[in-house]
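prediction below, plus the sequence it came from.
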Amino acid sequence: MESETRRPYRMGARAAAVEVTRTRVLEAAAALWMRRWYDDVTLQHVADEAGVSVQTIVNHFGGKDGLADAVADWVASQAAADRQAPTGDVAAIVAVLFEDYERHGDANVLWTAQMDRVPAIARAAAHARGQHRAWLERVFADRLPAPGPAREHALNLHYAATDIYLWKLWRRDLGLSREDAERAMRDLLTSIDPRKTHDA
């Protein structure tokens, strides 16, 4: 009787320990890939950073590509949780986006620069693009036209106006302050509001 009551507890504790280890590996790999090129990071580097063995990583993720896919999913889920903004509030939308870009923008630029030669990064980039588009549809739901060509055009404009490479241009290449860069994005988003267009 006692062994049966303790078994679910042991299984629950084991599952919790597995999840803790998995998260530690994901955090370690993400931290390394935020600073270094994909090819420069080995499983041994990740193992050392996470305080686990290489075999533990292989058991959890199957290898480096599997780990990269898992990191991409993990980072994406965190971004989705962090990017909470009220629909139609341009100032709040831009502030939330910049909070994400200021923390992870340089790493994302480094990551996506490698997508043409690293399949795992190409998959992550495709997922991130889809996630960003879905986020735009949600936060700008009040201004987007009904489904059709006009909506696609408006979404393309909003995507360009909020793309991470525009953040990079303003903050890194041109050296704008965060305040000025946020203002520029707000002005750009206001200017492309489809509700203000009077073209025939």
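Okay, I see it.

in the chain, where is pLDDT below threshold?
Scanning the chain for pLDDT under 70 picks out the ranges 1-11, 80, 197-200.

what are the ranges of the helices in it?
2-33, 43-50, 54-61, 64-82, 90-112, 119-139, 149-162, 164-168, 178-191 (DSSP state H).

output the contacting helices and strands for the last one.
Contact analysis of helix 178-191 by 3 or more C-beta pairs under 8 Å, 6 or more residues apart in numbering; DSSP states H and E lists helix 90-112, helix 149-162, helix 164-168 as its packing neighbours. Yep, even glycine has a C-beta here, placed from its N, CA and C like the rest.

nearest to residue 118, out of those?
Set against residue 118 and scored by C-beta to C-beta, these come closest in helix 90-112, at 9.0 Å.

can you list the buried residues in the closest one?
Residues of helix 90-112 classed as buried by neighbour count (16 or more other C-beta atoms under 10 Å): 90, 93-94, 96-98, 100-101, 104-108, 110-112.

give the contact list for residue 185.
94, 97-98, 161-162, 166-167, 170 (C-beta atoms under 8 Å, 6 or more residues apart in numbering).

measure it to residue 138 for me?
Taking C-beta to C-beta, to the nearest Å as the measure, residue 185 falls 18 Å from residue 138.

ok, the residue nearest in space to the middle of the chain - contacts?
What sits nearest the mean C-alpha location of the chain, by C-alpha atoms, centre = their mean, is residue 76, with 4.0 Å. By C-beta under 8 Å, 6+ apart, the contact set of residue 76 is 124, 127-128, 131.

quick one: which of the residues you listed is most hemmed in?
Greatest neighbour count in the contacts of residue 76, by other C-beta atoms under 10 Å, goes to residue 124: 22 neighbours.
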